[in-house]
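Trainee: based on what follows, work out the 3D shape:
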Amino acid sequence: MSKLIPQAQVQLVGNISTWSTATVGILVYTVLFLWHLLRQRRGICTIPKDSWEHLILAGAVCIGGWAVNYLPFFFMEKTLFLYHYLPGLTFKILLLPIILEHIHNHVLRSSVSRNTFSAVVLAWISSVYFVYQTFSPLTYGYPALSASQLTALRWKDSWDILIRKR
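Mentor: Prediction:
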């Protein structure tokens, strides 16, 4: 009976769909904030005052929490580990529903554009699930993958995935 070499391993890659969308969310929030701020300075109020205050407060908490937890480590000249990124990522992810709600309720006017936006959000949620399903063997170490399956999971050349050879 021959023994197979197990290729089970745990890699902390996270969900690249969530990470990248959360980063884009900071940029979208900044654009929305500046757009509404400029419109208010010109005397054009397109959203109610309580919605504007909600957007500012939620953004201050989420962007401020991200900045406090991530930026100090960004400027350090040492190896960064997962525990340096995760608190900041949490605040970025918390910002996403605030942005989605604001766009749905205050930016999109017609029901067609709202329905299209809902379909895009559903497609994004599906992509998050797809990436989770794809990388769950690598995240949890089960089931063990073959060398070719591990190589196929390298979406970027900078990802180091250990492949045992014997």
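
Trainee: please tell me how far the spatially closest residue to residue 33 that is not a sequence neighbour sits from residue 156.
Mentor: Closest residue in space to residue 33, ignoring its immediate chain neighbours: residue 59 at 6.1 Å, by C-beta to C-beta, 6 or more residues apart in numbering. No exception for glycine: its C-beta is placed from N, CA and C like everyone else's. Residue 59 sits at a distance of 30 Å from residue 156 (criterion: C-beta to C-beta, to the nearest Å).

Trainee: try residue 134
Mentor: In this view, residue 134 and residue 156 are 14 Å apart by C-beta to C-beta.

Trainee: look at the two and report which has more neighbours.
Mentor: Neighbours were counted for residue 134 and for residue 156 using other C-beta atoms under 10 Å; residue 134 has more, 16 against 7.

Trainee: tally up the residues packed near the residue nearest to that one when sequence neighbours are not counted, please.
Mentor: Excluding its sequence neighbours, the residue lying closest to residue 134 (C-beta to C-beta, 6+ apart) is residue 153, at 7.2 Å. Using other C-beta under 10 Å, residue 153 has 15 other residues around it.

Trainee: next, the contact list for residue 153, please.
Mentor: Residues near residue 153 by C-beta atoms under 8 Å, 6 or more residues apart in numbering: 134, 135, 138, 145, 161.

Trainee: now render those as JSON lines, adding pLDDT, secondary structure and distance to residue 103.
Mentor: What follows is those, written out as JSON lines (pLDDT from 0 to 100; DSSP: H, G, I helix; E, B strand; the rest coil; distance: C-beta to C-beta, whole Å):
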{"residue": "134", "pLDDT": "85", "secondary structure": "helix", "distance to residue 103": "28"}
{"residue": "135", "pLDDT": "81", "secondary structure": "helix", "distance to residue 103": "28"}
{"residue": "138", "pLDDT": "77", "secondary structure": "helix", "distance to residue 103": "33"}
{"residue": "145", "pLDDT": "73", "secondary structure": "coil", "distance to residue 103": "39"}
{"residue": "161", "pLDDT": "71", "secondary structure": "coil", "distance to residue 103": "37"}
